[in-house]
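Asker: Sequence and computational prediction follow.
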Amino acid sequence: MKIKPLSYAVSAIMLSYLSHTPMAQAAVSSKTVTDTQDQKQTPSQQASETDSTPDSASNPIAIFDTITVPPSSTHVPSSLAFDNAQKASDVVIDNEKLRHRSATLGNALADELGVHSNPFGGGSSAPVVRGQEGVRVKILQNGMDAIDMSTLSPDHVVGVDTLLADKVELIRGASTLLYSNASPAGVINVVDGRIPTEVPEGYTGEATLRFNENNDERVATAGITFGLTDNVALRVEGLTRKANEYEVPEINLGDKLNYLPDSQNKSNVGTIGLSYVGERGHIGVAYSEREDKYGLVGHNHKLDGCYGHVVYPQKNYKNKPYLAAYPHLMGDEDLAESFHFHCDSDHNEDEPHSHDNPYGHDHDHTQGGPWVDMNSKSYYLQGELLEPIPAIEKVRLNVAYHDYHHEEHDHGKTIPDPAKGERFVKAQPSYFDNQGYNAKLEAYHTPTEHLQGVWGIQSQSHKSSALIPSKEEHPQNRRPLVENKHRQFSVFGVEQYKLNDWLFEAGLRYEHSKIPVTYNLDEIEAQNKILGQLLKPEQPDLTPYQESAFSYALGAIWDMTPEYRLDMSYSHNERLPTPMELYYHGKNLATNSFLYGNKDLDKEESDNFELGIQFTGDKWRYKASAYSNHFDNYVHAENLHKDGNLYMRRMTQSKAKIQGLEAEVGYEYLPGHSATLFGDYVRGKLYGFAPVYGNEIKSQNEVIKYMPPEECGASPGDDVYEEWCGYPDYEVIGIDKVERPERNAPRMSPLRLGLRLNNEYNDNWSTSLDFTRVFAQNKTSTATVVNIPRDESRLKVTEVPEDSTSGYSLLNVGVDYKNTWDNAKHPVDYTLSLRANNLLDEYIYVHNSFLPYVPQMGRNFMLSLNVEF
């Protein structure tokens with residue numbers, strides 16, 4: 001691990017400050033200092049008292065016998081820039097809820113307004129927020145980027161652990177620019193206590209045991225913080241999880257099955273952290289290691305030997321022989337006139353995917369399918385120093401180094417063969433790597449009682465690649481993601497001004513990105529000698545991608561009354577393409593597709609508007625948000641071709657518009673008993689596609705034209721003039737042109753409505769009931785693909801549709817019993833919980849998924865025990 005000089009110097013200064021301050025004693029006085037301003041409570045402040053807002057830097061300051069410790073120095077930093085700026089759409093999910101939910105991030109958050117999931121069997125799921133996912137939804141671990149390969153493909157696990165988290169935050173507005181240029185839909189922050197920020201007297205901890213009878217899932221988590229001295233705290237936490245293939249309502253995979261093959265998974269996570277806590281802040285380090293192994297569902301072994309015909313080889317391998325070694329360098333002019341696959345199998349005779357025939361072929365479930373083996377190691381340095389100089393309230397330093405690696409393997413299977421009857425096929429091993437560091441320095445200031453702000457700088461560098469190095473693999477598939485190093489440097493700031501009942505926010509972020517690629521020049525030269533048939537074949541442009549982006553945001557919050565809060569925001573976001581979007585080239589069989597990047601992508605820009613309102617009364621409460629996102633150069637994977645159930649996709653750009661509404665209304669009809677109605681809706685459109693032009697269109701009527709006499713060797717009047725100089729031609733009456741119409745954005749979340757009942761009968765017993773109706777999604781996307789011929793024929797138009805999905809009703813019921821075991825030395829709070837999920841045993845098909853025909857888990861019962869001490 002390399003620590004940059006700036007972060008090293010800052011951490012040394014912080015440690016010097018901390019080591020020369022008096023330390024806290026064990027006894028705590030009853031005195032508490034609160035904010036001297038007499039302010040009325042807003043809905044946001046009322047919610048804060050019930051632990052539903054992020055941690056605050058302006059909460060009461062506890063006075064110890066010898067020291068004052070503000071909560072800002074003893075809690076994991078919140079992802080909101082300012083604690084008083086919670087909007088209607090900002091969400092916090094505490095660990096009491098998280099421990100009853102899925103262990104994978106997307107499914108864990110899928111109950112929240114505006115959040116759906118892109119699941120992949122039992123081992124992986126990614127959040128879909130307001131119709132956006134992947135690189136447009138920044139995922140953080142304690143305020144720093146979570147580094148993995150999840151944005152490359154949905155079968156890659158998101159490397160954060162909700163079962164070990166204290167809470168998960170979803171924020172929007174100006175504060176998102178503290179972390180990313182690319183996330184107007186929202187930033188997700190998974191907060192845990194791996195680096196202690198306070199020293200307990202003795203020790204504190206928590207542990208959870210959980211069992212699910214559907215897939216025999218067994219989960220155990222534990223975390224303990226030890227006070228080693230008055231100033232030093234040690235944190236140890238871990239997780240182990242193992243689950244078999246999950247059960248579903250009966251499905252047809254050739255045989256009738258009541259489970260989903262290859263949906264098994266297991267995980268192991270271990271973390272250790274050490275902190276030094278002083279009067280003026282803290283500094284700490286942590287190390288975390290994670291291992292995951294899980295099956296890849298829905299795999300079709302008939303596709304293992306395929307490669308895509310996307311480049312025009314007869315021309316381009318002669319003029320541009322470097323494309324044989326580095327096909328990601330292709331441009332629009334290099335595309336084949338007819339997209340197709342070479343597979344050496346009868347995959348194109350498979351039935352289309354459907355709910356009646358999910359895989360489209362008879363699936364051999366007697367042999368195991370492919371699986372992922374993942375290992376990641378992470379190192380963290382975190383510090384906070386209060387009042388380093390008079391003008392600065394506090395500074396924060398975060399440094400992280402990640403080493404991520406996963407492999408995809410396959411046992412192989414026997415498949416039908418048109419010539420031999422049957423044959424054994426096996427996918428070649430693939431290797432994915434992502435290593436690098438992320439460093440961030442922030443400074444907070446409050447120059448006046450009305451103005452406060454935060455400014456910072458961030459530096460990142462990550463080296464990533466995806467390789468299938470086997471010689472048995474087709475050369476076009478061997479470098480799905482060419483080795484590259486993604487370097488970013490950012491400057492950001494957010495300011496807030498308070499005027500009476502109004503809060504005004506403004507934020508900005510500048511980001512410079514450079515992506516050099518590692519090329520083997522000897523390999524390029526070898527291809528020139530083998531394939532180059534010109535004296536001087538074209539040489540590739542190997543200049544690294546380099547670009548800058550600038551985003552800004554404006555927002556206002558109006559506390560109309562103590563119960564009502566109105567929020568408004570606007571942002572202009574610029575997003576730079578990622579290495580995957582620029583350079584990916586080859587197989588992505590987890591999604592039954594071949595995906596091709598586009599090195600010529602431009603900067604994506606969006607203008608984003610949001611209006612929210614929230615009300616908190618004695619009995620009633622409600623909140624609602626409406627949003628509208630307008631994109632230029634919206635990057636998305638467009639379907640180029642479909643052969644059987646195998647897709648060919650390429651990154652392209654267009655205009656886009658995504659709009660939606662989220663709302664919930666709650667009523668406490670008896671003390672401790674409440675009912676809540678909720679729902680969300682999102683629509684997306686892609687439009688503004690450039691027309692495609694082809695050859696000249698000529699009339700059917702033949703016209704005789706004549707060459708000049710000096711060219712044909714005859715003059716008008718000569719007997720041979722007609723024969724030698726005349727030639728037939730056709731009148732040009734136009735240019736072949738195809739307009740590509742607007743279309744629905746692909747994989748948009750369907751309409752969702754629901755009812756939630758929460759009942760607390762006494763201090764011990766409580767129940768919950770959630771009923772959600774997810775409607776069918778028939779507003780699907782149909783791509784208009786135009787193939788440009790190399791001869792004089794007309795343009796060929798093909799429509800490639802997206803599959804629709806049916807709706808379902810989801811009923812979940814829960815019962816909790818809470819109590820305290822009064823141990824004289826150390827009381828223990830415990831909760832025994834029972835959950836019944838998908839109680840109706842519905843077929844659940846998720847439209848956000850690239851595998852919408854794969855059913856989710858059927859009826860399941862989960863028993864858990866949680867203790868805190």
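Answerer: Yes, it's here.

Asker: hang on, residue 443 packs against residue 454?
Answerer: Yes. Counting by CB atoms under 8 Å, residue 454 is a contact partner of residue 443 at 7.0 Å. In this view, the C-beta of every residue, glycine as well, is placed from N, C-alpha and C.

Asker: got the contact list for residue 679?
Answerer: Counting by CB atoms under 8 Å, 6 or more residues apart in numbering, residue 679 makes contact with 662, 663, 664, 751, 752, 753, 754.

Asker: So which of those is surrounded by the most neighbours?
Answerer: Greatest neighbour count in the contacts of residue 679, by other CB atoms under 10 Å, goes to residue 662: 24 neighbours.

Asker: and that residue, what is it in contact with?
Answerer: Per CB under 8 Å, 6+ apart, neighbours of residue 662: 89, 113, 114, 624, 625, 626, 679, 680, 681.

Asker: So which of the residues you listed are in strands?
Answerer: Counted as lying in strands by DSSP state E, out of those, are 624, 625, 626, 679, 680, 681.

Asker: Any regions of the stretch 201-350 of the chain where pLDDT drops low?
Answerer: 313-317 (pLDDT under 70).

Asker: related to what we said a few turns ago, just checking, which of the contacts of residue 679 belong to strands?
Answerer: When DSSP E is applied, those are split such that 662, 663, 664, 752, 753, 754 fall in strands.

Asker: Please tabulate the residues you listed in TSV and include distance to residue 476 as additional columns.
Answerer: Formatted as TSV, the ones in strands among the contacts of residue 679 follow (distance: CB to CB, whole Å):
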residue	distance to residue 476
662	44
663	49
664	50
752	41
753	47
754	47
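
Asker: From those residues, pick the one nearest residue 794.
Answerer: residue 752 (44.5 Å; CB to CB).

Asker: quick one: that closest one and residue 680 touch, right?
Answerer: Yes. Counting by CB under 8 Å, residue 752 touches residue 680, with 5.5 Å between them.

Asker: Residue 637: what secondary structure?
Answerer: Following DSSP: H, G, I helix; E, B strand; the rest coil, residue 637 is assigned to strand.

Asker: that older thread, and the ones in strands among the contacts of residue 662, which is closest to residue 814?
Answerer: residue 679 (21.0 Å).

Asker: how close does that closest one sit to residue 568?
Answerer: Using CB to CB, to the nearest Å, residue 679 is found at 22 Å from residue 568.

Asker: Then residue 117?
Answerer: To residue 568, residue 117 is 29 Å away according to CB to CB.

Asker: pLDDT and distance to residue 579 added to the ones in strands among the contacts of residue 679, as a markdown table?
Answerer: A markdown table is the format used below for the ones in strands among the contacts of residue 679 (pLDDT from 0 to 100; distance: CB to CB, whole Å):
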| residue | pLDDT | distance to residue 579 |
| --- | --- | --- |
| 662 | 98 | 33 |
| 663 | 98 | 38 |
| 664 | 98 | 39 |
| 752 | 98 | 34 |
| 753 | 98 | 40 |
| 754 | 98 | 39 |
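
Asker: Where does pLDDT dip in the stretch 551-700 of the chain?
Answerer: Ranges of the stretch 551-700 of the chain meeting pLDDT under 70: 700.

Asker: so where do the strands sit in it?
Answerer: 564-575, 585-588, 593-596, 604-616, 620-643, 646-670, 673-687, 692-706 (DSSP state E, counting those that start in this stretch).

Asker: Indicate which one of those is closest to residue 495.
Answerer: Nearest to residue 495, of these and by CB to CB, is strand 564-575 at 14.4 Å.

Asker: if we can go back for a sec, mind picking the one among the ones in strands among the contacts of residue 662 that's closest to residue 354?
Answerer: Proximity of the ones in strands among the contacts of residue 662 to residue 354 (CB to CB) peaks at residue 681, which lies at 26.1 Å.

Asker: Tell me how many other residues surround that closest one.
Answerer: 17.

Asker: and residue 615, how many residues sit next to it?
Answerer: Residue 615 has 17 nearby residues by other CB under 10 Å.

Asker: Please disregard the earlier target; I meant residue 211.
Answerer: 14.

Asker: what separates it from residue 591, distance-wise?
Answerer: Per CB to CB, residue 211 is found 32 Å from residue 591.

Asker: And for residue 502?
Answerer: The gap separating residue 502 from residue 591 is 47 Å, by CB to CB.

Asker: more crowded one of these two?
Answerer: Set residue 502 next to residue 591 and count neighbours by other CB under 10 Å: residue 591 wins out with 19 against 12.

Asker: Looks to me like residue 711 is in a helix.
Answerer: Yes. Per three-state DSSP, residue 711 lies within a helix segment.

Asker: What sits closest to it if chain neighbours are left out?
Answerer: residue 725 (7.8 Å; CB to CB, 6 or more residues apart in numbering).

Asker: Now do the contacts for the one you found.
Answerer: Counting by CB under 8 Å, 6+ apart, residue 725 touches 706, 707, 709, 711, 712, 714.

Asker: where does the stretch 1-150 of the chain dip in pLDDT?
Answerer: For the stretch 1-150 of the chain, the ranges with pLDDT under 70 are 1-77.

Asker: Recalculate using a threshold of 90.
Answerer: The stretch 1-150 of the chain contains residues with pLDDT under 90 at 1-78, 83-84.

Asker: coming back round to it: okay, the strands of the stretch 551-700 of the chain in a markdown table with distance to residue 840 next?
Answerer: What follows is the strands of the stretch 551-700 of the chain, written out as a markdown table (distance: least, CB to CB, whole Å):
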| stretch | distance to residue 840 |
| --- | --- |
| strand 564-575 | 37 |
| strand 585-588 | 34 |
| strand 593-596 | 33 |
| strand 604-616 | 32 |
| strand 620-643 | 28 |
| strand 646-670 | 22 |
| strand 673-687 | 19 |
| strand 692-706 | 48 |
